[in-house]
Every structure is written in structure tokens, then in C-alpha cells.
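Novice: Build me a model from this:
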Amino acid sequence: MTPPFMFATGIENSCPTINGGRTRRDEMEACGHYTRWKDDFDRVQQLGLSFLRYGPPIHRTWLGPARHDWEFADTTFNDLAARDIVPIVDLCHFGVPDWIGNFQNPDFPELFAAYAGAFARRFPWVQLYTPVNEMFICALFSAAYGWWNEQLSSDRAFVTALKHIVKANVLAMQRILATRPDALFIQSESSEYFHADNPRALGIAKALNGRRFLSLDLNYGRRVDSEMYEYLMDHGMTRQEYHFFLSQHLKQYCILGNDYYATNEHRVWENGRTEPAGEVFGYSHLTWRYYARYRIPVMHTETNIAQGPNGDEAVYWLWKQWANVLSLRSDGMPILGFTWYSLTDQVDWDTTLREVNGRVNPRGLYDLDRNIRPVGQAYRKLIADWREVLPTRSVCLQVPIVRPQRYARSQVDDGERAEAAPARASAKAGDAQDG
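Specialist: The predicted structure follows:
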């Protein structure tokens, strides 16, 4: 049976490089998932969850063009299928294998599309995908802020990374649909807003608020405004490249996954300096702005906050985020799911993975010893309380998902029908001869 609402969590699989590409920040390794993956899947089920944002470690799996090491993916994904957990497969999360280099590589889109197609053929029962996670943030941190991967800081580098990342996402969707025509794409992207500190910062804030939409505008084939068009053309995008994005028609397969953290709203000064503004508008206000622009169903795909000194800060943040989701749904927005990200605590995200400190960030539903945190207990109760109530509010807001075990049964049934067809044909031929 299709769940009426997609409650989810995720296994953090970020893997950007720093120090000129010499240091890989592998969060699966830092959080112990490679050795404790079975414990992690057990805890997903203990929370009452059926959906998991999850993906194979790209740098360990994708070894070269048409070269893959599927051992870990086979083990983990087969186990997810046996548990009937629906993965939302995250194929590229902030990093690429060393042999690709970084997001300035013009060959990345076609190569990544081939990798996505190979994954889809190996795991045809997988239906939900986020081919490239947070495309805007990935390009921003890698090629505008100079923090990750290519570690560049220019508008041209940012536009180059962005066009390659979004094209990779689009081509990956096409390759996946060729294998799984009913695939759905939940594009996790950061919800951003830039607040002008004073009148002299209004122009800068307006430009930054235009730039935040570029990844999704290109991904969904939406024409950008004139200011952003000039920005793209001035910094390396060609008219042919721009029209490639306009010619794609994949929006009907998409769910607008949007993420919200306390750091997603920014204060802007007239010299261009920005800093986190905290929660000013909040998730529901920003989501209405994104929904008004794209008009497709929505899923809250990431949020968290540190447990804090009082021990209940994360529990209160969960309650606020859920109150925002309920408000949006009550006001008529087709919002289909909610995610606390991630399942376990993370490591060094307090410095956005730029420093190797080994500092544990207490933002998970479980700590790194796999003990449940107060927010994990609160999320488990929230799921139990609301799972049966939400369907009575709208039976139409359901995603046409084929669960792994149902898919497996359908394949068996198709095989049995295929085997029976020659026998029926032979019997009919015999009947005709007897007649």
C-alpha cells in the first residue's frame, strides 16, 4: 500500500574534497556507516519510517567511465529492498571521484548521466531519485565561496559549475527514465532568502535573490529574468547551453524538494558582505515563494538543528518545522513529505566540512553510538501520531509509489505470465489441429 505521506530521514553521504583536492570529506566514513549500516537501517525501522534519503558513495563506486564497484551498493540496497524501505537515491552529494576532478570538468554531465543510467539498470526496483543534491549550494560552495572541490571564487567559475551540475542532473533524469519510466525525482534544493540591511544593499540583495533560483530555473526549463540572463551570458554560459535547458520537458516527473535550516536566510550589507540572519520568514513563507514560481508538488527534504545545552532545542525546532508543514498543507499546498536530516549526528558540519577537526555535531536523530536522541524520540512519536490522521485530510495527496516488495512481486508475476504464454499458445494450436 502506498503511504499517504512520506516521512523520511537520510544517511549523510557528503563527500567533497578540500585542500586542493588532497583531502576527501567522506561523511559516511566519519559517521561510521560503512561498518554500522545494518544498525542504521534497523534504526530507520525503529522510528517507523518507510522512506530514506540514501545513496552509494560516489567516489568509491564510480571508478571510471563504465567502471563500477557495486559491492557495497549491492549489499545495502538489497537489504533495503528486503526491509521494504523506499530509498530516495542521492547519487551525487557535493563531491565527485578524483578521476573526474571537479565541477569545472565539461565532461562531467555526460559521464554522470552514464553512471546514473548504470545504477538504474542495476537496481530497476528503485523509483525515487535525487540525482544531484542541492545543486545551487554545491556550485556556490565549490566555485563562488572557494570552500570545496575546485575551490574557486569567481562568477565565471560559479556559472561553469552550475551549468555542468544542472545539465548532469537533467541528463541523469533522462537516462533513469529510459530504464524506469515511472521514476520520480525529488530535487532536494536549499531554500534561500537575502534580506537587505539598509537601502544601499537593496540592489545586491535583489541580485542574490535572483541567483538563488538559477539551479531550479534551469532544471525545470523556466526562463530566467533579464538580469539573471545577462549574468549567465556575461560569465560563460552560451545561448546554445541556455536553450538546452529550455528545451527539456521533465518537470512533470518532479517533486520540489526544499531544505530549510536556521542558516538559510541571510543579512546583506551594501559592500556585499552576508551573514546568517536566523529564522526571519521561516519555512512556510519561503516555500510559498518557491511553489508560486514552479507550481509542482513539494516535499520538505532537509532540516536539523543542534540538540543544544538545554537538550530540547532540536525537539522544539522539529515541532516548528512540522507546524509549518501542516500550515502549508492546510492552506492548500500539495506538500507530500517531511525529512529530518540526518539519521545520526554529523562530523565537522559546524565548519561546513572545510576543517578536519573530528568534531561531532549533535544534529541527528541518534548519536554516533546509535543511541536515540530526544529529537529522535519526538520524531518517532510525531510519525505515530500523524501517520493515520493525514489521509483523512486529503486522500488525493499521495504519490504513486511502487514499494520494493510490490515491484519484486510484479516481476515474478510478469515472469510467470511470460512462461505461461507459450504453453497457452501451444494448447490453442493443438485445439485448432484437433478441430
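
Novice: Measure how far stretch 38-52 is from the centre of its chain, please.
Specialist: 18 Å (CA atoms, centre = their mean, to the nearest Å).

Novice: As a check, name the ranges of all strands in the stretch 251-400 of the chain.
Specialist: With DSSP state E, counting those that start in this stretch, the ranges of strands along the stretch 251-400 of the chain come out as 254-259, 265-268, 274-276, 298-302, 335-340, 346-347, 360-361.

Novice: tell me the helices in the stretch 51-200 of the chain, going along the chain?
Specialist: 58-61, 71-83, 108-122, 135-143, 155-179 (DSSP state H, counting those that start in this stretch).

Novice: Who are the packing partners of the fourth one?
Specialist: When you say that, I think you mean helix 135-143. Taking 3 or more CB pairs under 8 Å, 6 or more residues apart in numbering; DSSP states H and E as contact, the helices and strands that helix 135-143 lies on are helix 155-179, strand 189-190, helix 214-219. Backbone N, C-alpha and C define where each C-beta goes, glycine included.

Novice: Mean neighbour count and mean pLDDT added to these, as CSV?
Specialist: Conversion of these to CSV gives the following (neighbours: other CB atoms under 10 Å; pLDDT from 0 to 100):
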stretch, mean neighbour count, mean pLDDT
helix 155-179, 22, 98
strand 189-190, 23, 98
helix 214-219, 24, 98
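
Novice: Out of these, the one nearest Leu365 is which?
Specialist: Shortest distance between Leu365 and the helices and strands packed on helix 135-143, using CB to CB, is found for strand 189-190: 20.8 Å.

Novice: Sheet-wise, list the partners of the closest one with their directions.
Specialist: strand 254-259 (parallel) (DSSP bridges).

Novice: mind saving the C-alpha coords of the strand it pairs with as CSV?
Specialist: Coordinates of the C-alpha atoms in strand 254-259 are reproduced here as CSV (Å, rounded to 0.1, in the frame of the first residue of the first chain):
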residue,chain,number,x,y,z
CYS,A,254,9.5,16.1,-10.4
ILE,A,255,8.7,16.9,-6.8
LEU,A,256,10.2,20.2,-5.5
GLY,A,257,12.2,19.1,-2.5
ASN,A,258,13.3,22.1,-0.5
ASP,A,259,15.6,22.2,2.6
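
Novice: Quick check: mean pLDDT of that strand?
Specialist: Taken as a whole, strand 254-259 has an average pLDDT of 98.

Novice: neighbours around Asn384, how many?
Specialist: In this structure residue 384 is Ala, not Asn. Burial measure for Ala384: 11 neighbouring residues, criterion other CB atoms under 10 Å.

Novice: mind listing what it touches?
Specialist: Gly48 (CB atoms under 8 Å, 6 or more residues apart in numbering).

Novice: quick check: domain ranges of the protein?
Specialist: 6-400, 403-435 (automatic domain parsing).

Novice: If you average pLDDT over each of those, which is lowest?
Specialist: Across those, domain 403-435 gives the lowest mean pLDDT, at a mean of 66.

Novice: quick one on the thing from earlier: closest one to Val298 among the helices of the stretch 51-200 of the chain?
Specialist: Nearest to Val298, of those and by CB to CB, is helix 135-143 at 16.6 Å.

Novice: what inclination does the closest one have with respect to strand 254-259?
Specialist: 50 degrees (axes from the mean of the first three to the mean of the last three CA atoms, to 10 degrees).

Novice: Distance from stretch 166-178 to the middle of the chain?
Specialist: With CA atoms, centre = their mean as the basis, the mean position of stretch 166-178 lies at 14 Å from the chain mean.

Novice: Pull the residues that contact that stretch.
Specialist: Contacts to stretch 166-178, defined as CB under 8 Å, 6+ apart, come from residues 91-92, 108-110, 112-117, 120, 129, 131-132, 135, 183, 185, 187, 215, 218-219, 241, 244-245, 248, 250, 253.

Novice: Report the contact partners of the residue most central in space within the chain.
Specialist: Nearest to the geometric centre of the chain sits Ser188, at 3.6 Å (CA atoms, centre = their mean). Ser188 makes contacts with 53, 90, 130, 133-134, 257-259, 301-302, as judged by CB under 8 Å, 6+ apart.

Novice: So what's the residue count around the closest residue to Ile255 other than its chain neighbours?
Specialist: Spatial nearest neighbour of Ile255, excluding adjacent residues (CB to CB, 6 or more residues apart in numbering): Ile186 at 4.6 Å. For Ile186, the neighbour count with other CB under 10 Å is 26.

Novice: Double-check Ile186 against Asp259; I have them as touching.
Specialist: No. With contact defined as CB atoms under 8 Å, Ile186 does not reach Asp259; the gap is 11.3 Å.

Novice: Common neighbours of the two, please.
Specialist: With CB under 8 Å, 6+ apart as the test, Ile186 and Asp259 both reach Thr301.

Novice: now Leu184, which residues is it bridged with?
Specialist: Here Leu184, judged by DSSP bridges, has bridge partners Leu128.

Novice: Quick check: it touching Val126?
Specialist: No. Judged on CB under 8 Å, Leu184 makes no contact with Val126 at a distance of 10.6 Å.

Novice: And those two? Which one has more around it.
Specialist: Neighbour totals were compared for Leu184 and Val126, and Val126 leads with 22 against 19 (other CB under 10 Å).
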